[in-house]
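1. I need the structure of the sequence given here:
(2 chains)
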There are 2 protein chains.
Amino acid sequence: MSDYAYVRVDGARLQQTLGDLARIGATPGGGVTRLALSDEDRAARDHLADLMREAGLTVRGDDFGNMTGRRAGTSDLPPIQLASHLDTVRSGGRFDGALGVVAALEVMRTLDDARIETRRPLEVVNWTNEEGVRFEPAMMGSGAATGRFERDWVDARTDRDGFAFGAELERIGYRGTARDRPAKAGAYLELHIEQGPTLDDAELPVGIVEGIVGITWLDVVVEGRADHAGPSPMGTRRDALVAATALISKVQRIALAMGEPAVGTVGRLSVEPNSINTIPGKVTLSADFRNRTGDGLDQMVAELNETAALIRSEGEIGVSLDRFWTSEPTPFASNVVAEVAGAVADLGLPERRLWSGAGHDAKYAADVSPAGMIFVRSRGGISHNEQEWSDPRDVEAGANVLLLATLRLADAGG
Amino acid sequence: MSDYAYVRVDGARLQQTLGDLARIGATPGGGVTRLALSDEDRAARDHLADLMREAGLTVRGDDFGNMTGRRAGTSDLPPIQLASHLDTVRSGGRFDGALGVVAALEVMRTLDDARIETRRPLEVVNWTNEEGVRFEPAMMGSGAATGRFERDWVDARTDRDGFAFGAELERIGYRGTARDRPAKAGAYLELHIEQGPTLDDAELPVGIVEGIVGITWLDVVVEGRADHAGPSPMGTRRDALVAATALISKVQRIALAMGEPAVGTVGRLSVEPNSINTIPGKVTLSADFRNRTGDGLDQMVAELNETAALIRSEGEIGVSLDRFWTSEPTPFASNVVAEVAGAVADLGLPERRLWSGAGHDAKYAADVSPAGMIFVRSRGGISHNEQEWSDPRDVEAGANVLLLATLRLADAGG
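-> Predicted structure coming up:
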């Protein structure tokens, strides 16, 4: 247990700050619409900048609009970054993204109140356009700052009304410079609501995130023969939908056999000619596989390919698989995960490790810095929805984990 | 064996007549487009009327455009009707419908050549709008003449350009009178290509049709919960598509277990929200069941309901079935089927009995007259397609079955 393991955030202050922020872009249904680089985003940024300055942080902004508030350390070692995002989806919730930024700010305030200095500098980061709803793709600010996306390409991304990212960034007054990007950190920490039901089902306030799963997407085409449903005896049919059901079931079985965090989903499916009295001649379906290792993903695809080969060999049905996109898994840095686990233990909370099934800025931050994440229980796992809700006690517990993990990683008292 | 069992049609003449007719509405791809009450339909009707008069038949037309050519018998007993239709689907084949009319005409010519008189009168019938492609529903002329559809309702049916059945019937000059409808017959015989692969697979030229299967259609709604495909562990999902696969498989198993001619088809299926990374929240699908008895149809629906109940009981998935349409089975008259079988035996052809999985005018004719059908092998079971093809030898065999069955039913020589 570290020397500062008994310091705690101010839960009431955290809730107050979270509530204030939720009024910017508030929807009648109790949620928030704060699209990236919108007027609401600007208002939220202005508000955050004020709060960071009030907390004594030095505020800077980079050429993608990523905002950083820095608390000096007793050394010039690379900082500990506490990051998340303030943009939301349309009619989203008040926790997704905002909670991580507000909790990071609360950590800074708590350290000031306790007059704690850290050896490493600390930084609060607000990434631009994590959601990717207004400008695709998602996690744009973190991906750009860490070298995944080129400046010109990012600037030219347009929303559905034709407004470009670069022009909108300048319009809201948040175009900074490349030298002010969040740099390689000693450690990167991101607190976020889970956006899934695992913690809620297990009745646990927080989770220690071990990584972000890899994702691979396939398009599958099943080709049989469209015939009249009446005069075609069962034995002579080449029914593409019946063949497709074997693939749908296999996607499930592959994921179940692999065990958590592996998942497999057929989300999209279309039938041709899609007529009540015609045997389906062609079915097109998608497969989404997620797993913690690239080998694991490859194995899931290989097993689906086996079923496809079996279908092809059994009858006159064609099956083709196109693995058209893969996002590699991101296992988090073991030392960061260990310090998060240490913080959870310091707080006497039950230890629960899990993988994130969805992407987060931590994925791209991990390209340059040792990274980790803390999940906070979200009621029913509901997210991207006005009904999104996390209990104030869970929020406070999560912020305390962030605080203590930060102290462990920042060489507090150094 | 009847006294006239050695008389035979003229296969070459039959082919010539069939080929002449196929030029009316011929498509570049070798098929025929002759929509009901179109100019092409009028030309085909004019041609048929000429041929019937040349064959010594008395031609009349009814108020739905159904055409009848009558050959007198030695009695005024109810006639034997030999019927089919001259209309086609768009880019259809040259056999579907036309073959039955041409074969009926060939029977008349053959009897004249052989100077055979029959006790019962004989009638060649061309039903209006069997296909139901231009004006819905299908089998309109036979259904109307036998009392299924009201005159005003039929006249008001419009095509996709807004033209009404009644006006189009008058435009082509084929509005007759109600008293000239085909009346209750001593027996009704319809020769038609199979439109399925059963005879082709068994390498048989003709089939003895025992009836037309009943059909029932259901809409099935499966309701789960749409969740993000990433952060939702397999065990907590309520995946509507995975649940739907059990229903699709069950539709197949029900039909296979029931045996021929029972069939079951899921032809239509849609997924909501149908997004690659979202667990399907709702699936809507159709079920088409066909069987030879109403009880058999009821049992198929009951078995699907059992699976629906099982899904509901296993998890938090809703399943609702709406059986929204049923067409009752039409078993043919045993004496007519027996005489068709007798004719097949007279010809030394192998006996193969089967049920029609698709509807034909014989279904409505059977409402008022003892009915039966003869199927002719169709290559690959392909129909409603320019590639539709029946071998001339099979066509001749079918016409000879029609001839001999007619003689058996008409009390030839009486």
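2. Show me where the stretch 201-350 of chain A dips below the pLDDT cut-off.
-> Segments of the stretch 201-350 of chain A classed as low confidence (criterion: pLDDT under 70) are not present in this model.
3. Around chain B, which positions in the stretch 251-400 of chain A sit nearby?
-> A:252, A:255-256, A:260-271, A:274-280, A:286, A:288, A:290, A:356-359, A:381, A:383-384 (CB under 8 Å from any CB of the partner chain). C-beta here means a position set from N, CA and C on the backbone, and glycine is covered the same way.
4. Point out the ones among those that are inside helices.
-> Cross-referencing these with the helices (criterion: DSSP state H) gives A:252, A:255-256 as the overlap.
5. neighbour-wise, which of these leads?
-> In terms of neighbour count, residue A:255 stands highest of those at 24 neighbours, by other CB atoms under 10 Å in any protein chain shown.
6. how much space between the closest residue to that one other than its chain neighbours and residue A:245?
-> The spatially closest residue to residue A:255, leaving aside those adjacent along the chain, is residue A:264, at 3.5 Å (CB to CB, 6 or more residues apart in numbering or on different chains). Using CB to CB, to the nearest Å, one gets 15 Å for the distance from residue A:264 to residue A:245.
7. Same question for residue A:18.
-> From residue A:18 across to residue A:245, the span is 46 Å (CB to CB).
8. Likewise for residue A:106?
-> Between residue A:106 and residue A:245 the distance, using CB to CB, works out to 51 Å.
9. before we move on, back to that, PyMOL command for the buried members of the residues of the stretch 251-400 of chain A next to chain B?
-> Buried members of those can be picked out in PyMOL with the line below, counting by 16 or more other CB atoms under 10 Å in any protein chain shown:
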select buried, chain A and resi 252+255+260+261+262+263+264+265+266+267+268+269+271+274+275+276+277+278+279+280+286+288+290+356+357+358+359+381+383+384
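10. Just the ones of the residues of the stretch 251-400 of chain A next to chain B in strands?
-> In strands, defined here by DSSP state E, the members of those are A:263-265, A:269-271, A:286, A:288, A:290, A:356.
11. quick one: which of the residues you listed is nearest residue B:299?
-> Out of these, the one with the shortest distance to residue B:299 is residue A:271. That distance is 26.4 Å, counting by CB to CB.
12. and which of the ones in helices among the residues of the stretch 251-400 of chain A next to chain B is nearest to residue B:203?
-> residue A:252 (42.3 Å).
13. Contacts only, for that closest one.
-> With contacts defined as CB atoms under 8 Å, 6 or more residues apart in numbering or on different chains, the neighbours of residue A:252 are A:264, B:234, B:239, B:242.
14. By neighbours, which of these wins?
-> Most neighbours among the contacts of residue A:252, by other CB under 10 Å: residue B:239, with 27 neighbours.
15. Can you verify my assumption that that residue contacts residue B:283?
-> No: with contact defined as CB atoms under 8 Å, residue B:239 does not count as touching residue B:283 (9.2 Å).
16. overlap in contacts of the two?
-> Going by CB under 8 Å, 6+ apart, no residue sits against residue B:239 while also sitting against residue B:283.
17. one step back: for the ones in strands among the residues of the stretch 251-400 of chain A next to chain B, give me CSV that also has distance to residue A:38.
-> Compiled in CSV, those are given as follows (distance: CB to CB, whole Å):
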residue, distance to residue A:38
A:263, 33
A:264, 36
A:265, 31
A:269, 35
A:270, 34
A:271, 39
A:286, 31
A:288, 30
A:290, 31
A:356, 26
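18. tell me the two of those that are most distant?
-> Taking CB to CB as the measure, these reach their widest spread between A:271 and A:356, a distance of 33.6 Å.
19. which residues touch the closest residue to chain B within the stretch 301-414 of chain A?
-> Nearest residue of the stretch 301-414 of chain A to chain B: residue A:357, at 3.3 Å (CB to the nearest CB). Residues near residue A:357 by CB under 8 Å, 6+ apart: A:196, A:213, A:261, A:263, A:290, B:228-232.
20. Which stretches in chain A count as helices?
-> Chain-ordered helices for chain A, with DSSP H as the definition, fall at A:11-22, A:39-54, A:98-113, A:140-145, A:151-156, A:165-171, A:198-202, A:240-258, A:294-314, A:334-346, A:361-365, A:392-409.
21. Next, the buried residues of the first one.
-> The one in question is helix A:11-22. Across helix A:11-22, burial judged by 16+ other CB under 10 Å covers A:11, A:14, A:17-18, A:21-22.
22. Now do the domain split for chain A, please.
-> A:11-212+A:329-409, A:214-327 (automatic domain parsing).
23. could you redo these as a markdown table and give each row distance to residue B:344?
-> Rendered in a markdown table, the data for the domains of chain A read as follows (distance: least, CB to CB, whole Å):
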| stretch | distance to residue B:344 |
| --- | --- |
| domain A:11-212+A:329-409 | 65 |
| domain A:214-327 | 20 |
